[in-house]
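Peer 1: What follows is a protein structure lacking sequence information:
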């Protein structure tokens, strides 16, 4: 009858996540009091968009291939599905479907916004990653062609020495919302065994999302069925940059802040993601400000940078931003400004004027 009960919950504030194969994911915030049962009433979910199509290999139906689709696909060096710690929040709404004897697939429950779609089979290979926009004419007639796996390998160093146990990511430049991750070994070596042919932004990734992250990147082309080597290095600078988003009207509560080497512009969070993915050889940092104030970026090297802020509506508080950004990232405005970081002083600051966006009701 659709009812559920979760027992043994300690008192406190919670977010209840409702996910399924045929409807949009939904999150509800609630508070559990000591010795009480919380009745959340009737939770109504939306069926959402349906994606369907065919997967082929050498022009013939690919039977038993797995198709992944989501706002953000997170994978490993060998799969388009990452299982670490349940995966990042945005990966939890990624759905998968298996092709039938005609190579066809279909799944429902996708919300608005761009989706990344990819197909793979352990023996037949992986398709190119495609981007499907809301209302696209081919949403129910997608065509994915499997090709032999490619591989990408190299060595990560810092200060001329191997850098061990550092996350290395390979992000599609053509479809930035597809990201694959591996860890460097004791000798700094890393390897992606099963990639699709594409251009990738390959980055040494340090830090955690809520604590701030650093990316030291190269761009590399990976042809079909080929093995490509790319070596990475990261050399931290000595300058600290403080970035403060300021609004003429209202108070900035939650915002996403980026600083990246190079000069570019972006008017939306989606466009910003595209610009960052296409930045080529670069260094960048990202931080989330959950309670306003300013973002602190350490180890910045002298040079020209673009600093961008993506503010959230005033109604969004704390960790709500993760789910809201997933659902409405295409509509969130970005505000960018150029900055030259000099060798001295060792602490420099910049203010980014922003306009708080209106709240989008789900």
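Peer 2: Yep, it's here. As the structure is a prediction and not an experimental result, all values here were calculated from the model.
Peer 1: model confidence over the helix or strand hosting residue 51, on average?
Peer 2: Assigned by DSSP states H and E, residue 51 falls within strand 49-57. Across strand 49-57, the average pLDDT comes to 95.
Peer 1: Which other helices and strands does that strand contact?
Peer 2: strand 104-110, strand 115-121, strand 142-146 (3 or more CB pairs under 8 Å, 6 or more residues apart in numbering; DSSP states H and E). (C-beta placed from N, C-alpha, C; glycine too.)
Peer 1: Give me the contacts around the first one.
Peer 2: Here strand 104-110 makes contact (CB atoms under 8 Å, 6 or more residues apart in numbering) with 20-25, 47-55, 61, 65, 67, 69-70, 95-99, 119, 140.
Peer 1: Now the buried members of those.
Peer 2: Buried by 16 or more other CB atoms under 10 Å: 23-25, 49, 51-55, 65, 67, 69-70, 95, 97, 99, 119, out of the contacts of strand 104-110.
Peer 1: buried set for stretch 97-108?
Peer 2: 97, 99, 103, 105, 107, 108.
Peer 1: so how far is the lowest-mean-pLDDT helix or strand in the chain from its chain's centroid?
Peer 2: Within the chain, no helix or strand scores below helix 320-328, which has a mean of 77 by mean pLDDT, DSSP states H and E. Chain-centre distance of helix 320-328: 12 Å, with CA atoms, centre = their mean, to the nearest Å.
Peer 1: Can you name every helix or strand that it contacts?
Peer 2: By 3+ CB pairs under 8 Å, 6+ apart, helix 320-328 packs against no helix or strand.
Peer 1: Name the residues that touch that helix?
Peer 2: With CB under 8 Å, 6+ apart, helix 320-328 has contacts from 27, 29, 71-72, 89-90, 93, 111-113, 254, 256, 269, 288, 290, 312-313, 316, 332, 360, 362.
Peer 1: Could I have the buried ones of those residues as PyMOL selection syntax?
Peer 2: Buried residues within the contacts of helix 320-328, by 16+ other CB under 10 Å, are selected in PyMOL with:
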select buried, resi 27+71+72+89+90+93+111+112+113+254+256+269+288+290+312+313+316+332
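Peer 1: Let's see which of the contacts of helix 320-328 end up in strands.
Peer 2: Using DSSP state E, 27, 29, 256, 288 are the members of those that sit in strands.
Peer 1: and the residue nearest to the second one when sequence neighbours are not counted, what element?
Peer 2: Right, the one you point to is residue 29. Spatial nearest neighbour of residue 29, excluding adjacent residues (CB to CB, 6 or more residues apart in numbering): residue 15 at 5.4 Å. In the assignment (DSSP H and E), residue 15 maps to strand 12-18.
Peer 1: Understood, closing this out.
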